[in-house]
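K.L.:
predicted coordinates and the sequence they were generated for:
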Amino acid sequence: MLRFRVLVPFEPVIHETLDSRVFTNIPDSDLAGGLRIRGTDDGYIADLELQAVHPGAAKATAVQVVKSFLEVLASWSHGFQIQIGGVWCELVDNAEPVPLRHATPGVVAITASDTSFTENHVQAVVRKASLGPEDAFYRRLDELSKNLRNCLELNYLLVLSTSPPIRWLLAATGMEARALGTTEARQTVKSRLDVDQRRQLRREIRLVLDAVGLDELGERVVGRVLSSTLTATSATRRPLRTCLMTIARNCGAYA
């Protein structure tokens, strides 16, 4: 295996409307796995040394590593995207890299562009003084279940999107995927009955419907009864519905 140094450029995703322009600035940082982040005039460079059989494999691995970190940033709603065309790779020896200074911990600050008054166009920049929480999360990526990794990817797409309906749909899908990964399958009425009992229940339901003139709804009603869960779901649905509506409002999908 050969050792390569790969530089992966990436840039903040700018969420822009006629009235505003918002993006995130991050500090120079040394992260888990030897990933080094440095700011440039055009964006950022992720610097990583790794082993691979050839430069193409080194680039592919480095891009995946950086993408994983950007998904972590997106979980804090900080959107960045890789500039694939600028990925650069070189063969290196085994010399120890020069130690780099860590960023000083601080707080997130939001500033406005000085040009906002002359052009009536506000620019908000989220300035992060430290990537400590993100780095701690990034170190635990391998411990996460596939379900949570899928949620991270969905959230990453949400952060990159500028369309409110798509953002709401991705958020709702992510919450559903998260819920399905943490809850067990509910037992239904059908699972509690054997074949003869299901037939008996089906006949008796049809008799009741025939008596009130709703015989044409027989199959639908029977299907609904047999698929009903044996535990109450309203208590769990109410918070989920509230969360989805909150997300919808935050994403601008509804007024």
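P.N.:
Received the coordinates, thanks. Residues are numbered from 1 along each chain as shown.

K.L.:
show the contacting residues for Phe23.
P.N.:
The contact partners of Phe23, by C-beta atoms under 8 Å, 6 or more residues apart in numbering, come to 12-15, 79, 125-126. In this view, the C-beta of every residue, glycine as well, is placed from N, C-alpha and C.

K.L.:
do the same with Ile84
P.N.:
The neighbours of Ile84, taking C-beta under 8 Å, 6+ apart as the test, are Val63.

K.L.:
packing partners for the helix or strand harbouring Asp196?
P.N.:
Element membership for Asp196 (DSSP states H and E) is helix 195-211. Using 3 or more C-beta pairs under 8 Å, 6 or more residues apart in numbering; DSSP states H and E as the contact criterion, the neighbours of helix 195-211 among helices and strands are helix 218-227.

K.L.:
elements contacting the helix it packs on?
P.N.:
The elements that helix 218-227 packs onto, with contact taken as 3+ C-beta pairs under 8 Å, 6+ apart, are helix 189-192, helix 195-211.

K.L.:
least confident of these, on average?
P.N.:
The stretch with the lowest mean pLDDT among the helices and strands packed on helix 218-227 is helix 189-192, at a mean of 82.

K.L.:
name the element the nearest residue to Pro55 once chain neighbours are set aside belongs to?
P.N.:
Of all residues beyond its chain neighbours, the one nearest Pro55 is Cys89 (4.5 Å), with distances taken as C-beta to C-beta, 6 or more residues apart in numbering. Under the assignment given by DSSP H and E, the secondary-structure element containing Cys89 is strand 88-91.

K.L.:
name the helices or strands packed onto that strand?
P.N.:
Looks like strand 88-91 contacts strand 2-12, helix 55-74 (3+ C-beta pairs under 8 Å, 6+ apart).

K.L.:
list the buried residues of the last one.
P.N.:
It stands for helix 55-74. Within helix 55-74, the residues that qualify as buried by neighbour count (16 or more other C-beta atoms under 10 Å) are 57-59, 61-63, 65-74.

K.L.:
go on, stretch 154-166?
P.N.:
Residues of stretch 154-166 classed as buried under the neighbour-count rule (16+ other C-beta under 10 Å) are 154-161.

K.L.:
same deal with stretch 205-222?
P.N.:
Buried residues in stretch 205-222, counting neighbours by 16+ other C-beta under 10 Å, are found at 205-206, 209, 218, 222.
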